[in-house]
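In: just the structure for this:
(one chain, ligands or ions: 3)
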Amino acid sequence: MTDFTDEELALDPHFADQFEAGFRPACQLYLISPPTIGDDFVDRLAQAFDGGDVAAFQLRLKGLDDDAIAAAAGPLQALCAEREVAFIINDSVALAQRLGADGVHLGQGDGDPKEARKLLGPKVQIGVTCHDSRHLAMEAGEAGADYVAFGAFFPTTTKEVTHHAEPSVLGWWTTLFELPCVAIGGVTADNAGPLVAAGADFLAVSGAVWNHPQGPTAGVAAFKDVLASKAPPPR
Ligand SMILES: Cc1ncc(COP(=O)(O)OP(=O)(O)O)c(N)n1
Ligand SMILES: Cc1nc(C(=O)O)sc1CCOP(=O)(O)O
Ligand SMILES: [Mg+2]
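Out: Numbering: from 1, shown residues only. Ligands and ions are numbered 1, 2, ... in the order given. Here you go, the predicted structure:
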């Protein structure tokens, strides 16, 4: 286990760095893997990246243990590094540490963000699921998260969800806090307009890219216009 000093932990070279003094960059795409992947997935991921800018990629393989996910992760993590896309591991702080991932995403049952910070240090992005809860989001921010994720905004077949969020939570969050917020759950290029308009900093998408009828390149490209639909304020 690595122990970081308070000084090291106070350094904050995270996504949040772009968000200093109330400035928010344009909304960006945060790509989530399908829940299961085949041998051709590294090629499909490269195709997705060919479609346009992707800020982050989350490896979310449900039902596999850390060893199995680690075995799949190598070429995906290398591709992310080559394309300058942040490589985020879902659920497991231990796996994120083992792989030297750029970040970890924690659900409400996946561990304490404060403990994760102690283990992972100041440079690793920590994201936290907050469902539709302002309270959970403020708690995550206080615990040192680098972003908070709200959802599900729309029906999704990728995950069984029990919480439903409205775009107003994004507007509330971005008015009060500089910490980036992610909108997730059934997000498509066609329904994302209100999320971008409300202030989402990232759109987290899975099915809209991987199930796009013209393939993942078209799936990512389809988001270009909606992501650009709300220009960031001038510096
Ligand atoms: C960016 C992002 N937001 C939310 C989630 C959901 O996390 P969680 O609630 O832990 O559910 P699982 O993804 O683990 O099924 C996420 N993964 N990423
Ligand atoms: C992983 C995940 N978390 C959600 C939440 O609401 O926290 S919804 C979701 C599924 C995201 O995939 P798609 O873009 O295909 O709906
Ligand atoms: Mg989880």
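In: what's residue 220 in contact with, if anything?
Out: Going by C-beta atoms under 8 Å, 6 or more residues apart in numbering, residue 220 touches 29, 31, 48, 49, 50, 51, 52, 54, 209. Bear in mind the C-beta positions are built from the backbone N, C-alpha and C, glycine included.
In: redo the residues you listed as TSV? Include distance to residue 38 and secondary structure.
Out: Converted to TSV, these look like this (distance: C-beta to C-beta, whole Å; DSSP: H, G, I helix; E, B strand; the rest coil):
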residue	distance to residue 38	secondary structure
29	22	strand
31	17	strand
48	14	helix
49	18	helix
50	19	helix
51	19	coil
52	23	coil
54	20	coil
209	16	helix
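In: which of these has the largest number of neighbours?
Out: Among the contacts of residue 220, the one with the most neighbours (other C-beta atoms under 10 Å) is residue 209, at 29 neighbours.
In: pretty sure that one is touching residue 34, no?
Out: No - look at residue 209 against residue 34 with C-beta atoms under 8 Å: they stay out of range, at 9.1 Å.
In: partners of the host helix or strand of residue 149 in the sheet?
Out: Using DSSP states H and E, the secondary-structure element containing residue 149 is strand 147-151. Its sheet considered, strand 147-151 pairs with strand 125-129 (parallel), strand 181-184 (parallel) by DSSP bridges.
In: distance between the first one and the chain's centre?
Out: What it means is strand 125-129. 8 Å (C-alpha atoms, centre = their mean, to the nearest Å).
In: that one and ligand 2 in contact?
Out: Yes - where contact is defined by C-beta under 6 Å from any ligand atom, part of strand 125-129 touches ligand 2, namely residue 129.
In: now whichever helix or strand comes after that strand against strand 125-129, angle please.
Out: Remark: after strand 125-129, the chain's next helix or strand is helix 134-142, criterion DSSP H and E. Inter-element angle recorded for helix 134-142 and strand 125-129: 170 degrees (by axes from the mean of the first three to the mean of the last three C-alpha atoms, to 10 degrees).
In: which other helices and strands contact helix 134-142?
Out: Of the remaining helices and strands, those touching helix 134-142 by 3 or more C-beta pairs under 8 Å, 6 or more residues apart in numbering; DSSP states H and E are strand 125-129, strand 147-151, helix 168-176.
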